[in-house]
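A.B. asks: Could you look at this predicted model? Sequence included:
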Amino acid sequence: MITFIRTVLLYATAVVATIILGLMVIIAGLFGVEDKPGGIYDKVPRWWSIAVMRVVGVKVRVHGLENAGGDSPRIFASNHVSWFDVPALAKILPRYKFVAKAELFKVPIFGRAMRSAGMIEIQRENRKAAFGAYEVAAERIRAGNSVVVFPEGTRGHAYPLRPFKKGPFVLAIAAGVPIVPIIMHGTIEIMRKGSIWAHSGTIDIHLLEPVSTTSVDYDHREALMQTVRTRMADAMRELYGVEALPASASRLPSSAELLSSDVAPTETR
């Protein structure tokens, strides 16, 4: 019953917050309100995230926030296993734009608000369009925004890191800004992929030591990708006892295999 109530509150709050806050952003865009640090386009996603997490009873513990870079642009590369990954990151990161799948931009009001706030649409099934989205992301970075990417490409069913896409690392090289690897743990327990039910809980977000892109060129994009992935995989193993999947798996395990491979988390550092 408690889970049912939390879930109803989540969807009701998400709808109401999207309508009210989304319209605020859309109107601001129509009136030409400038996208500046601490402005409405920065505040509204954070307010929306706080609202949906509060009604479910989700808490966030942040580790390594000093690696966020303050006002300096960064590319934040995070693992992705739950719908709650996005509001958790939106709550704690400084000025940022998300690179999000095209389907989200089709949601009434929500999608229009995302565009007004400068979020970046990516069509994952279209390689040329996807790289075009990263060109837009580079423009956002040059304007002083950090960008959040999920290099696994989509949500997974379990914590082991899956193979990465190269696009985000091409973006990092083009933008010339550091990549901050992020691992999140606890979001599966709140809402796993494929489930409609929301549970209370605590999300741990670890911002790891940044990886420099200085003097890295396009030909070394794969080496950069492996450096970031290794840093994330090592942290996931050390903190939670979770082993990453092979970096280039010819066949990804089924969801049942992934779930059975998860190791009970160790105490968070």
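C.D. replies: Sure, I can see it. All values derive from a computational prediction rather than experimental measurement.

A.B. asks: Which of the residues in stretch 230-243 are classified as buried?
C.D. replies: Buried positions in stretch 230-243, judged by neighbour count with 16 or more other Cβ atoms under 10 Å: 231-233, 235-237, 239-240, 242. Just so you know, the C-beta spots here come from the backbone N, C-alpha and C atoms, and that holds for glycine as well.

A.B. asks: mind putting those in CSV, distance to V136, secondary structure and pLDDT included?
C.D. replies: Below are those laid out as CSV (distance: Cβ to Cβ, whole Å; DSSP: H, G, I helix; E, B strand; the rest coil; pLDDT from 0 to 100):
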residue, distance to V136, secondary structure, pLDDT
R231, 27, helix, 97
M232, 25, helix, 98
A233, 29, helix, 97
A235, 30, helix, 98
M236, 30, helix, 98
R237, 35, helix, 97
L239, 34, helix, 97
Y240, 34, helix, 97
V242, 33, coil, 96
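
A.B. asks: can you give me the helices in the stretch 101-250 of the chain?
C.D. replies: Secondary structure of the stretch 101-250 of the chain, counting by DSSP state H, counting those that start in this stretch: helices at 110-116, 127-142, 167-175, 187-190, 221-240.

A.B. asks: need the contact list for the residue sitting nearest the centre point of the chain.
C.D. replies: Centrality entry for the chain: nearest residue to the mean C-alpha point is V86, 4.9 Å, by Cα atoms, centre = their mean. V86 sits next to 49, 98, 100 when contact means Cβ atoms under 8 Å, 6 or more residues apart in numbering.

A.B. asks: Next one, pLDDT for it please.
C.D. replies: Looking at V86, its pLDDT stands at 95.

A.B. asks: which of the residues in the helix or strand containing it are buried?
C.D. replies: According to DSSP states H and E, V86 maps onto helix 85-92. In terms of neighbour count (16+ other Cβ under 10 Å), helix 85-92 has its buried residues at 85-92.

A.B. asks: next one: that helix to chain centre, how far?
C.D. replies: The gap between where helix 85-92 is centred and where its chain is centred comes out at 7 Å by Cα atoms, centre = their mean, to the nearest Å.

A.B. asks: and if you look at stretch 186-203?
C.D. replies: 15 Å.
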